[in-house]
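Visitor: sharing a model prediction with you, sequence too.
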Amino acid sequence: MAVAARTAKRLNTRTLATLTKPGLYADGDGLNLQIGKTGSRSWIYRYRRGDGREGWLGLGSLSDVTLAQAREKAAHARQLRAAGLDPLDEKRAPVASQGDAAPAKPTFGEFADAYVAEIEAGFSNPKHRAQWKMTLGDAYCDTIRGKPIDEVTTDDVVGILRPIWLTKSETASRIRGRIEQVLSAAKARGLRSGDNPALWRGHLDVLLPRRQKLTRGHHKAKPYAEVPALMARLGRLTGMSTFALRFTILTAARSGEVLGARWREVDPEAGVWTVPGERMKMGREHRVPLSPAALAILAEVAPLRPADDGGSAFVFPGQKRGRPLSVMALTMVMRRLRADATVHGFRSAFRDWCAEETNHTREVAEQALAHVVGDATERAYRRGDALEKRRALMAEWATYCERWPTEEKRA
């Protein structure tokens, strides 16, 4: 039987450097470069499984795996298929050489790495993938990464979680959930059988303290009554981090949204800052009405904007060229002022002020914080974002924040 000709290679190092639009880019013979909506880049081998379904095998990220290495991995996957094996089940596992002995199962680490590469296109931001890799990597799961995926037990999972369950409760909970998801995927592909050892309800919940009994972390907020005095002290300081912190307080935005702001997102004439969905926690575009005080801060930092930047420059640039300020820069300003609160806590102060000092509705206040308002049906009928109502609210907040006590102003 004639062998079909191989597809000509379509990718090279030059094209890899220029591709930016999300989608799949074929190299040939089933190998594809996948660019996610968040800009993540990973290698995917696509093929037809024995049951007729399409299989997607993750081969690693572009930052970790070169084009040549990806082609080698894809060639190995084709060899497994030629031997009658499914690459998803037999990734990196040698074909048995004696009789009908079953091929070795992939280790937890091998399967987890491949699984993360497969699902990363659905992650909400680039940090999400890094968090998955870190929590499933040697930092926490070193005791099971070298263990065959079908041999991971409840004792293994408890051994990972117990040392951090009371001291790093949020991290421990996420690790448990991610291990459970990886093991569920392995079972769905026939690599495991039986109950999931990382299952919480009816399993680990009788071995570990319940989540509600643990101490949950909260962003320490400054009482809204103390915000004007703090703004007065900030007004006497200079520096990009100080401007960014003042802007964060005046807009009640998340620090990550402010630090990632680029000039193309700002319309000074309309007095609106539009944060794209990929940088929002809920994944939806959010328009922020800018008060005169917030616009004044933008006017102060505008002279530092590079000429002909096309709007791509950061509004609050860091010391390294092409990089924004770090979150730690804002924290250091707070420490300098000995302010006993977190930057994120100013959102709570704003929300308390809305409830206690204004007549604005709860819905307007929640929309100002970019929170989800109402159930799915209600949101389907609410097409607007109450921009002008929020503009009035943010103007009142700015006026309140700038009510500097006389002694603070003169100090």
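Guide: Perfect, thanks for sending it.
Visitor: and the contacts of the helix ranked longest in the chain?
Guide: Longest helix of the chain, by residue count under DSSP state H: helix 169-188. With CB atoms under 8 Å, 6 or more residues apart in numbering as the test, helix 169-188 has contacts from 108, 111-112, 115, 131-132, 135-136, 140-141, 149-150, 152, 157, 160-161, 164-165, 192-193, 196-200, 204, 211, 214-217. No exception for glycine: its C-beta is placed from N, CA and C like everyone else's.
Visitor: now do 6 Å
Guide: Helix 169-188 is contacted from outside by 111-112, 115, 135-136, 140, 149, 161, 164-165, 192, 196, 198, 214, using CB atoms under 6 Å, 6 or more residues apart in numbering.
Visitor: where in this structure is pLDDT low?
Guide: Applying pLDDT under 70 to the chain picks out residues 1-9, 37-38, 90-104, 124-126, 210-221, 282, 372-384, 404-411.
Visitor: domain-wise, how is it divided?
Guide: 13-93+104-212, 224-410 (automatic domain parsing).
Visitor: the last one: how far from the chain's middle?
Guide: The chain centroid and the centroid of domain 224-410 are separated by 20 Å under CA atoms, centre = their mean, to the nearest Å.
Visitor: of the contacts of helix 169-188, buried ones?
Guide: Buried by 16 or more other CB atoms under 10 Å: 111-112, 115, 135-136, 140, 149, 161, 165, 192, 196, 198, 214, out of the contacts of helix 169-188.
Visitor: same list, the residues you listed, but as a markdown table with secondary structure and distance to Val182 please.
Guide: Formatted as a markdown table, these follow (DSSP: H, G, I helix; E, B strand; the rest coil; distance: CB to CB, whole Å):
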| residue | secondary structure | distance to Val182 |
| --- | --- | --- |
| Phe111 | helix | 7 |
| Ala112 | helix | 5 |
| Tyr115 | helix | 6 |
| Thr135 | helix | 11 |
| Leu136 | coil | 7 |
| Tyr140 | helix | 13 |
| Ile149 | helix | 8 |
| Leu161 | helix | 15 |
| Trp165 | helix | 19 |
| Arg192 | coil | 10 |
| Asn196 | coil | 10 |
| Ala198 | coil | 8 |
| Leu214 | coil | 23 |
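Visitor: just to revisit the earlier point, which among the contacts of helix 169-188 gets closest to Thr248?
Guide: For the contacts of helix 169-188, the residue nearest Thr248 by CB to CB is Thr135; the value is 28.4 Å.
Visitor: in contact with the closest one, which residues?
Guide: 175, 178.
Visitor: next, Tyr45: phi, psi?
Guide: phi -110, psi 120 (degrees, to the nearest 10).
Visitor: list the contacts for it?
Guide: Tyr45 neighbours (CB under 6 Å, 6+ apart): 30-31, 57, 59, 74, 77.
Visitor: in which helix or strand does the closest residue to Val258 other than its chain neighbours reside?
Guide: Nearest non-adjacent residue to Val258, counting by CB to CB, 6 or more residues apart in numbering: Thr248, 4.7 Å away. In this structure, Thr248 sits in helix 240-251 according to DSSP states H and E.
Visitor: list of residues touching that helix?
Guide: 234, 255, 258, 288, 293-294, 297, 301, 316, 325, 329-330, 333, 346, 398.
Visitor: out of these, who's nearest Glu226?
Guide: Phe346 (10.7 Å).
Visitor: all set now, cheers.
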